[in-house]
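In: Have a look at this prediction, sequence included:
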Amino acid sequence: MNTNTRKFPEGFLWGGAVAANQLEGAYQEDGKGLSTADVSPNGIMSPPDYSMENFNLYHDAIDFYHKYKEDIELFAEMGFKAFRFSISWTRLFPNGDEVEPNEKGLQFYDNMIDELLKHNIEPVLTISHYEMPLGLVKNYGGWKNRKLVEFYEGLAKTIFTRFKDKVKYYMTFNEINVLLHAPFTGGGLEFEDGQKNEQDIYQAAHHQFLASALAVKAGHEIIPGSQIGCMIASMITYPYTSKPEDMFAALTQDRKTLFFSDVQSRGKYPTYMLNYFKDKDIHIEMADGDLELLQKHTVDYIGFSYYMSFVASTAPEHQDEKTAGNLLAGVKNPYLKASEWGWQIDPVGLRTVCNQLYDRYQKPLFIVENGLGAVDKVEEDGSIQDDYRIEYLDAHIREMKNAIGDGVEIMGYTSWGPIDLVSASTAELRKRYGFIYVDRDSEGKGTNKRYKKKSFDWYKNVISTNGEDF
């Protein structure tokens, strides 16, 4: 076998990924407005708490807003080639519908990006990541209102214009398919009876598709040569058995995710989804020119997260054998181990997802989230021996390398949470992902000091050898 086909390409974007609301803190500083994350003290899967009387770890997070220079220096020491971060919409437009942006918010990101460039780290900017202005929820009803397309386009154009000489890589929406599973976080949607309304969810999705297409259009016009991608939470599904009904159940489950990348990458609504809308009596309101816009302004690459695979079964006895997961639970796979949070660990699934997406779209892939959430113990000597994290990442990077050998074009890999941050699903710090330990607990107690874990030097070596030495 020619092993040269299983090498990471030159210029591969090794690094880490974060979200503004999960690490910045400073939720009321320098003119920032309230976001949906600021009223979600129990994480994205729980209903909002508008009273704001309960402790919310997102409010202060790990104080990256004031400590970004220190943290970026640690990323540079690991040898990061790229750093994926998101813009807090409410730092730029506190209520979401302002005409002029908040200069202090823009200046913070200017300074942070400059710090990355000083250390030769490529900025990878996510325009919207699990938060939006609370004003757009209260005053407009969230993304089911078409007015939000206009507000988002203004946000995107502001970002492109301000950072056009500094940032080349962008993503429009983080895990856009979160709309199906956490509609308040994904689209600012609330339902009176607590039951998800698919009409509103898919109408909101249409508006986000339009916003994404307009961002691609504006980005290409303002920044020639820019690369603007979509981003989905990938969830490869296996049939529980070779029973044909299980096979079709797995296909149907995958389509729920792939619908979102289909529209943004292929530029049109797939027939399977149009038929689903007919069957469910869902009517998407579209204006003249919408479909043309989607067709003309597709994304340049496919960004995605990968944490686990899922299993589909039509057998009633399997429906009680559930396991936890990213955004949704699934039937337990008897062949896989699980993390402390019940997320089943499937490195080969990453290779399968890469092949699935590349076969489907023939566009470059960017693995922008992958990692292990675990409880880390600080030893008496101050060390954190996170061999379990090394084992997890090692296995996934090897399968990513195998996917490259399969012929898949992969741009880069940014592990999720290179520094401990607030968990999106549970709003806690007990569940840690980082190579860098933050001395803060889920009650907000601790010094907030940073310490290197064992995995810090391991990942540093992976990057320095371009994935040749594990």
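Out: On my side now, so go ahead.

In: residue boundaries of the helices in the stretch 101-250 of the chain?
Out: 103-118, 134-140, 147-163, 183-187, 198-222, 244-266 (DSSP state H, counting those that start in this stretch).

In: Quick check: which of these is nearest to residue 468?
Out: Residue 468 lies closest to helix 103-118 among those, at 25.2 Å (Cβ to Cβ). Just so you know, the C-beta spots here come from the backbone N, C-alpha and C atoms, and that holds for glycine as well.

In: Give me the residues contacting the closest one.
Out: With Cβ atoms under 8 Å, 6 or more residues apart in numbering as the test, helix 103-118 has contacts from 30-32, 65, 68-69, 72, 83, 85, 87-88, 91-92, 122-123, 158, 162-163, 166-167.

In: For PyMOL, write the select line for the buried members of the residues you listed.
Out: The PyMOL selection below is limited to those of the contacts of helix 103-118 classed as buried (16 or more other Cβ atoms under 10 Å):
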select buried, resi 32+65+68+72+83+85+87+88+91+92+122+123+158+162+163+167
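
In: Now do the same contact list for residue 421.
Out: Contacts of residue 421 by Cβ under 8 Å, 6+ apart are 18-19, 22-23, 61-62, 429, 433-434, 438.

In: What separation is there between the closest residue to residue 262 other than its chain neighbours and residue 252?
Out: Nearest-residue entry for residue 262: residue 270, 4.9 Å, with adjacent residues in sequence omitted and distances by Cβ to Cβ, 6 or more residues apart in numbering. Applying Cβ to Cβ, to the nearest Å, the value for residue 270 to residue 252 is 13 Å.

In: circling back to that earlier point, can you add secondary structure and pLDDT and give the contacts of residue 421 back as CSV?
Out: Listed next are the contacts of residue 421 as CSV, based on DSSP: H, G, I helix; E, B strand; the rest coil; pLDDT from 0 to 100:
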residue, secondary structure, pLDDT
18, coil, 98
19, coil, 98
22, helix, 97
23, helix, 97
61, coil, 97
62, coil, 98
429, coil, 96
433, coil, 97
434, coil, 98
438, strand, 98
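
In: Provide a PyMOL selection command restricted to the buried entries of those.
Out: With 16+ other Cβ under 10 Å as the criterion, this PyMOL line picks the buried residues out of those:
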select buried, resi 18+19+22+23+61+62+429+433+434+438
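
In: mind putting the contacts of residue 421 in CSV, distance to residue 260 included?
Out: What follows is the contacts of residue 421, written out as CSV (distance: Cβ to Cβ, whole Å):
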residue, distance to residue 260
18, 22
19, 18
22, 22
23, 25
61, 28
62, 30
429, 30
433, 24
434, 28
438, 32
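
In: Pick the one among the contacts of residue 421 closest to residue 304.
Out: Each of the contacts of residue 421 was checked against residue 304 using Cβ to Cβ; the closest is residue 19, at 15.2 Å.

In: where's stretch 439-453 relative to the chain centroid, distance-wise?
Out: With Cα atoms, centre = their mean, to the nearest Å as the basis, stretch 439-453 stands 24 Å off its chain's centre.

In: So for it, what gets flagged as buried?
Out: Neighbour counts using 16+ other Cβ under 10 Å place 440, 448, 450-453 of stretch 439-453 among the buried residues.

In: Enumerate every residue touching residue 204.
Out: Residue 204 touches 142-144, 179, 183, 186-187, 189, counting by Cβ under 8 Å, 6+ apart.

In: And the strands in the stretch 301-450 of the chain, which stretches?
Out: 301-305, 310-312, 322-323, 330-331, 365-369, 410-416, 436-438, 450-452 (DSSP state E, counting those that start in this stretch).

In: ok, so of the contacts of residue 204, who is nearest residue 266?
Out: After measuring those against residue 266 - Cβ to Cβ - the closest member comes out as residue 179, at 18.7 Å.

In: separation between the residue lying closest to the closest one once chain neighbours are set aside and residue 269?
Out: Nearest residue to residue 179 in three dimensions, chain neighbours excluded: residue 186, at 3.8 Å (Cβ to Cβ, 6+ apart). Going from residue 186 to residue 269 by Cβ to Cβ gives 19 Å.

In: what about the two, which has more around it?
Out: Shown here are residue 186 and residue 269; by other Cβ atoms under 10 Å, residue 186 has more neighbours (28 against 18).

In: Assess the claim that that one and residue 174 are in contact.
Out: No. The pair residue 186 / residue 174 is not scored as a contact, 9.2 Å apart, by Cβ atoms under 8 Å.

In: Name the residues contacting each of these two.
Out: Residues touching both residue 186 and residue 174 (Cβ under 8 Å, 6+ apart): residue 130.

In: per-residue pLDDT, the residue nearest to residue 269 when sequence neighbours are not counted?
Out: Nearest non-adjacent residue to residue 269, counting by Cβ to Cβ, 6+ apart: residue 263, 6.1 Å away. Here the pLDDT value assigned to residue 263 is 98.

In: Burial check on residue 263, number of neighbours?
Out: Other residues close to residue 263 by other Cβ under 10 Å number 24.

In: same deal with residue 379?
Out: Using other Cβ under 10 Å as the criterion, residue 379 is surrounded by 8 other residues.

In: Please enumerate the helices of the stretch 351-470 of the chain.
Out: 387-405, 454-464.

In: JSON lines for those, including mean neighbour count?
Out: Converted to JSON lines, these look like this (neighbours: other Cβ atoms under 10 Å):
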{"stretch": "helix 387-405", "mean neighbour count": "19"}
{"stretch": "helix 454-464", "mean neighbour count": "19"}
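
In: low pLDDT regions in the stretch 151-300 of the chain?
Out: Scanning the stretch 151-300 of the chain for pLDDT under 70 picks out the ranges 194.

In: make that the stretch 1-150 of the chain, sorry
Out: Applying pLDDT under 70 to the stretch 1-150 of the chain flags the ranges 1-5.

In: let's see it at 90
Out: 1-6, 45-46, 54 (pLDDT under 90).

In: ok, residue 33 touching residue 95?
Out: Yes. Counting by Cβ under 8 Å, residue 33 does reach residue 95; the two are 5.5 Å apart.
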